[in-house]
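Novice: I need the structure of the sequence given here:
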Amino acid sequence: MSIKVFYDEVSFRLKGWRKIKRIIEKVIGESNKISGDLSFIITNDEKVLDINIKFLSHNYYTDVIAFDYSSGNHINGEIYISIDTVSENALKYQVSLNEEVNRVIIHGVLHLLGMDDKTENQRKRMKKHEDFWLGKMEL
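Specialist: Numbering: from 1, shown residues only. Just a heads-up that it's a prediction; the model follows:
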């Protein structure tokens with residue numbers, strides 16, 4: 001099992017990575033799954049837009065994209081995070097940048113666990129899970 005973070009041409013650095021890793025493992029464990037290899041790539045809007053266009057045929061900016069490489073109960077994947085969009089969202093929702101980054105990390109993991117956010121009900125359910133796990137990070 002390997003949970004790693006990579007920084008691609010950004011100056012931002014996560015705070016409390018060990019705590020974040022423990023929460024990721026708990027999120028996965030609570031779903032009766034096993035942590036495999038997870039990579040979190042923190043990059044910029046242009047890189048995430050390029051990925052969104054090339055792989056998802058979506059021509060718009062987004063805060064997070066998750067690629068699921070899971071096999072059976074082992075959760076594996078790559079999660080790309082645009083620090084530019086996350087920064088804008090932190091201002092919009094009046095939360096710290098670190099909190100918003102933690103939210104999208106959890107959001108990406110929830111996607112790898114099969115949760116979706118295409119409908120209003122799905123978004124509410126996902127937000128409820130994000131809020132729950134963010135609350136655990138503060139303890």
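Novice: residues in contact with Met115?
Specialist: Counting by C-beta atoms under 8 Å, 6 or more residues apart in numbering, Met115 makes contact with 122, 125-126, 129. The way it works is simple: take the backbone N, C-alpha and C, and place the C-beta from them, glycine included.
Novice: could you rerun that using 10 Å?
Specialist: 31, 107, 109, 122, 125-126, 129-130 (C-beta atoms under 10 Å, 6 or more residues apart in numbering).
Novice: tell me the helices and strands packed up against the one helix or strand Gly135 maps to.
Specialist: Using DSSP states H and E, Gly135 sits in helix 120-137. Helix 120-137 sits against helix 17-30, helix 97-112, with contacts defined as 3 or more C-beta pairs under 10 Å, 6 or more residues apart in numbering; DSSP states H and E.
Novice: tell me the most buried of those helices?
Specialist: helix 97-112 (a mean of 22; mean count of other C-beta atoms under 10 Å).
Novice: so how far is it from its chain's centroid?
Specialist: Per C-alpha atoms, centre = their mean, to the nearest Å, the displacement of helix 97-112 from the mean C-alpha position of its chain is 4 Å.
Novice: what about Asn73, distance to Tyr61?
Specialist: In this view, Asn73 and Tyr61 are 33 Å apart by C-beta to C-beta, to the nearest Å.
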